[in-house]
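Chemist: my questions are about this predicted structure, shown below with the sequence.
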There are 4 protein chains.
Amino acid sequence: MEKKTDLQDMLNQLGETYQNRMPFHRLLGIRIVSLTPDDVRVRIDMREELIGNFVRRILHGGVISAVLDLTGGLIAFAELVKHLGAVPPDELAKRFARAGTIDMRVDYLRRGTGEYFIATGSVLRRGNKVAVIRTELVNDQDLLIAAGTGTYLII
Amino acid sequence: MEKKTDLQDMLNQLGETYQNRMPFHRLLGIRIVSLTPDDVRVRIDMREELIGNFVRRILHGGVISAVLDLTGGLIAFAELVKHLGAVPPDELAKRFARAGTIDMRVDYLRRGTGEYFIATGSVLRRGNKVAVIRTELVNDQDLLIAAGTGTYLII
Amino acid sequence: MEKKTDLQDMLNQLGETYQNRMPFHRLLGIRIVSLTPDDVRVRIDMREELIGNFVRRILHGGVISAVLDLTGGLIAFAELVKHLGAVPPDELAKRFARAGTIDMRVDYLRRGTGEYFIATGSVLRRGNKVAVIRTELVNDQDLLIAAGTGTYLII
Amino acid sequence: MEKKTDLQDMLNQLGETYQNRMPFHRLLGIRIVSLTPDDVRVRIDMREELIGNFVRRILHGGVISAVLDLTGGLIAFAELVKHLGAVPPDELAKRFARAGTIDMRVDYLRRGTGEYFIATGSVLRRGNKVAVIRTELVNDQDLLIAAGTGTYLII
């Protein structure tokens, strides 16, 4: 049980860093709604600056791909944290600095209309070096707006 | 010759809209460096808000995918404009509102270090409904940072 | 009820064509295990000719991508058939001849060991012109071997 | 000069293995037309068994993706061989057995008509563990039929 607390502590720290200390995440205004071993959810609220098409007033595709990419990266790193068990914070920070997206595909399925959006995902594979994550973005009506698949380096 | 002027006029308007009237493009701070029938180049300058990893101080992957996506879309639409010839501005605006990315792949090849970045691309295929565009992002040392392939709806 | 029979008849014909009349499908040796409105499954049996690496004796990646591609295409076209309702066989044949894959991503997740493999998939989006399908390939131990996402033209 | 000979010898062996000892490559009937440090070309001849659509008599998309995948893999491994320099054949065989495609995107650009097809490619990035390769398939009229991007494990 203690170990579980440690894991959740590490995930909380990871979420705090992700949401508040990464400049572009702050610019987008993402919020980590949930970050537990079994549930990762990232929220982004619509606002003027995130609009792509000023006629249709929809979320810019670049915002969508950014949110899917960062959500996939968060899931990949959380998966790594789960399997590492207790490691010193320094070690974790080093690994976090090395981690990154290798490649990603995004499918834009519906226009990004809505007041807010939620990104989730699932692990297709976690290897020693590489994790493959599938992600989805839904709007406030739970309509699927976009889907992604990313390959992430986790060493 | 007159026709060529018309085409360049239309491209200039497109570039102006792309750079200054699309809110997320303004948030990113992109600049259309060149937009002629044969040469499309988009520039983005590094700044604090675009950083992903605060330790490594590199361009966020989400910025990279956004810039490659919007550059590919610009090239696809410029290609459409070239082949449409002279059309009323209304017609062009309608088509622009309908256009969009269907899907995209991004390969992150090197860490995004540099003071500025230039995105370019080339047309793999222009069909009646769909265009496929390959894109690249280089830094101020002309090092290839990322490459993309996108499928765009142009109807 | 009659309409449902018609639909299943059309799907049966589609499956028969897919399995027995397309030369490369015969070369691979695929079998349509199920083709109903709610369940599409394609099987391929391991055999000597489908091996990639002669040392590891695993299914060639090219076989995997081919099976995921053709399964995604089958699901996309079955989805079209479901929504078209009763159409003359000629019309259906014309549409089938026009249909095709626009692009696809494949993630190779585990080595392709096994005596047989089953491909399934789900519809991410069905539009008027384009369908997006996610696919999976599992082996005889139900281990996920590969995953795909394809964009298909259905007009 | 001796070293160059060694390198070309290793590439020749690699090509021989690729073309003649991998069962699925034999089933497809590929031929390594060129395999030097600067030029890799793979050819496949059209024949009845490789047809997808029996109405249009065009190359099956699964054949196209298989040829682009195996060409990208060949280029990635040849690149590794170039940078390893002289290594014992055993070491090379071990590395070859470990190598593999991580993921791939294929864009189907034109119908696969023609009597033969040539696949080529170029290295986007060669890292310590991963190489990213862009590939193209043209037909006997030098028309671009398909393009690919693959991420390959080379350790």
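Modeler: Received, thanks.
Chemist: write out the residues of chain A neighbouring chain D.
Modeler: Chain A comes close to chain D at residues A:Ile102, A:Asp103, A:Arg105, A:Lys129, A:Val130, A:Val132, A:Thr149, A:Thr151, A:Leu153, as judged by Cβ under 8 Å from any Cβ of the partner chain. Heads up, the C-betas are built off the backbone N, CA and C, glycines and all.
Chemist: just flag the most distant two among those residues.
Modeler: Longest distance between any two of the residues of chain A next to chain D is 19.7 Å, between A:Arg105 and A:Lys129; criterion Cβ to Cβ.
Chemist: give me every residue that touches A:Asp45.
Modeler: A:Asp45 makes contact with A:Gly29, A:Arg31, A:Glu115, A:Tyr116, A:Phe117, according to Cβ atoms under 8 Å, 6 or more residues apart in numbering or on different chains.
Chemist: neighbour count winner among A:Arg105 and A:Lys129?
Modeler: When A:Arg105 and A:Lys129 are compared on other Cβ atoms under 10 Å in any protein chain shown, the one with more neighbours turns out to be A:Arg105, at 24 against 14.
Chemist: quick check: closest non-adjacent residue to the more buried one.
Modeler: In space, not counting the residues next to it along the chain, A:Arg105 is nearest to C:Arg105; the distance is 4.4 Å by Cβ to Cβ, 6 or more residues apart in numbering or on different chains.
Chemist: can you redo the residues of chain A next to chain D as a markdown table with pLDDT and secondary structure?
Modeler: Rendered in a markdown table, the data for the residues of chain A next to chain D read as follows (pLDDT from 0 to 100; DSSP: H, G, I helix; E, B strand; the rest coil):
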| residue | pLDDT | secondary structure |
| --- | --- | --- |
| A:Ile102 | 97 | strand |
| A:Asp103 | 98 | strand |
| A:Arg105 | 98 | strand |
| A:Lys129 | 89 | coil |
| A:Val130 | 94 | strand |
| A:Val132 | 98 | strand |
| A:Thr149 | 98 | strand |
| A:Thr151 | 98 | strand |
| A:Leu153 | 95 | strand |
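Chemist: just the buried subset of these, please.
Modeler: When burial is judged by neighbour count using 16 or more other Cβ atoms under 10 Å in any protein chain shown, the buried members of the residues of chain A next to chain D are A:Ile102, A:Asp103, A:Arg105, A:Val130, A:Val132, A:Thr149, A:Thr151, A:Leu153.
Chemist: picking up where we left off before, CSV please, covering the residues of chain A next to chain D and showing distance to B:His25.
Modeler: Compiled in CSV, the residues of chain A next to chain D are given as follows (distance: Cβ to Cβ, whole Å):
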residue, distance to B:His25
A:Ile102, 27
A:Asp103, 24
A:Arg105, 23
A:Lys129, 36
A:Val130, 33
A:Val132, 31
A:Thr149, 26
A:Thr151, 28
A:Leu153, 29
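Chemist: from D:Gly72, how far out is the residue nearest to A:Arg105?
Modeler: Look at C:Arg105 and D:Gly72: by Cβ to Cβ, to the nearest Å, they are 14 Å apart.
Chemist: and A:Val130, by the same measure?
Modeler: In this view, A:Val130 and D:Gly72 are 17 Å apart by Cβ to Cβ.
Chemist: repeat that for A:Arg98.
Modeler: The span separating A:Arg98 from D:Gly72 equals 26 Å under the rule Cβ to Cβ.
Chemist: who has more neighbours out of those two?
Modeler: Comparing A:Arg98 with D:Gly72 by neighbour count (other Cβ under 10 Å), the higher total belongs to D:Gly72, at 28 against 13.
Chemist: quick one, phi psi at the more buried one?
Modeler: Taking degrees, to the nearest 10, you get phi -60, psi -40 for the backbone angles of D:Gly72.
Chemist: and A:Val87, what element?
Modeler: Assigned by DSSP states H and E, A:Val87 belongs to no helix or strand.
Chemist: now swap in the one 3 residues further on and tell me
Modeler: Counting by DSSP H and E, the element that carries A:Asp90 is helix A:89-98.
Chemist: buried sites along that helix?
Modeler: Neighbour-count burial for helix A:89-98, counted by 16+ other Cβ under 10 Å, picks out A:Leu92, A:Arg95, A:Phe96.
Chemist: same question for stretch A:8-20.
Modeler: A:Met10, A:Leu11, A:Leu14, A:Gly15, A:Tyr18, A:Gln19.
Chemist: related to what we said a few turns ago, what do C:Arg105 and D:Gly72 both touch?
Modeler: The contact sets of C:Arg105 and D:Gly72 overlap at D:Met104 (Cβ under 8 Å, 6+ apart).
Chemist: which residues touch the one residue sitting closest to the centre of chain A?
Modeler: When chain A is reduced to its mean C-alpha position, the nearest residue by Cα atoms, centre = their mean turns out to be A:Thr71, at 1.1 Å. Under the criterion of Cβ under 8 Å, 6+ apart, the contact list for A:Thr71 reads A:Val40, A:Val42, A:Ala119, A:Thr120, A:Gly121, A:Thr135.
Chemist: and what of A:Asp103?
Modeler: Going by Cβ under 8 Å, 6+ apart, the list of residues near A:Asp103 reads A:Gly150, A:Thr151, B:Arg105, B:Val106, B:Asp107, B:Tyr108, D:Asp103, D:Val132, D:Thr149, D:Thr151.
Chemist: tell me if the fifth one really is in a strand.
Modeler: Yes - with the criterion set as DSSP: H, G, I helix; E, B strand; the rest coil, the secondary structure at B:Asp107 is a strand.
Chemist: need the contact list for it.
Modeler: Counting by Cβ under 8 Å, 6+ apart, B:Asp107 touches A:Ile102, A:Asp103, B:Ala146, B:Ala147, B:Gly148, D:Leu124, D:Arg125, D:Val132, D:Thr149, D:Thr151.
Chemist: OK, contacts around the nearest residue to A:Val63 once chain neighbours are set aside?
Modeler: Leaving out its chain neighbours, the residue that sits closest to A:Val63 by Cβ to Cβ, 6+ apart is A:Leu50, at 4.9 Å. A:Leu50 makes contact with A:Leu28, A:Gly29, A:Ile44, A:Leu59, A:His60, A:Val63, B:Pro23, B:Phe24, B:Leu27, according to Cβ under 8 Å, 6+ apart.
Chemist: need the buried ones from the residues you listed selected in PyMOL.
Modeler: Restricted to the buried members of those, where burial is judged by 16+ other Cβ under 10 Å, the PyMOL selection command reads as follows:
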select buried, (chain A and resi 28+44+59+60+63) or (chain B and resi 23+24+27)
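Chemist: any chance of the contacts of A:Leu50 in TSV, plus secondary structure and pLDDT?
Modeler: TSV is the format used below for the contacts of A:Leu50 (DSSP: H, G, I helix; E, B strand; the rest coil; pLDDT from 0 to 100):
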residue	secondary structure	pLDDT
A:Leu28	helix	98
A:Gly29	coil	98
A:Ile44	strand	98
A:Leu59	strand	97
A:His60	coil	97
A:Val63	helix	98
B:Pro23	helix	96
B:Phe24	helix	97
B:Leu27	helix	97
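Chemist: among the contacts of A:Leu50, which pair sits farthest apart?
Modeler: A:Ile44 and B:Pro23 (14.5 Å).
Chemist: returning to that earlier point: I'd assumed the residue nearest to the centre of chain A was in a strand, is it?
Modeler: No - assignment of A:Thr71 by three-state DSSP gives helix, placing it outside any strand.
Chemist: could you look up the SS state of the residue located most distally from the centre of chain A?
Modeler: The outermost residue of chain A, judged against the average C-alpha position, is A:Val55 (28.7 Å), by Cα atoms, centre = their mean. The three-state label given to A:Val55 by three-state DSSP is coil.
Chemist: and the contacts of A:Asp103, which is closest to chain C?
Modeler: Taking Cβ to the nearest Cβ as the measure, chain C lies nearest D:Asp103 of these, at 4.5 Å.
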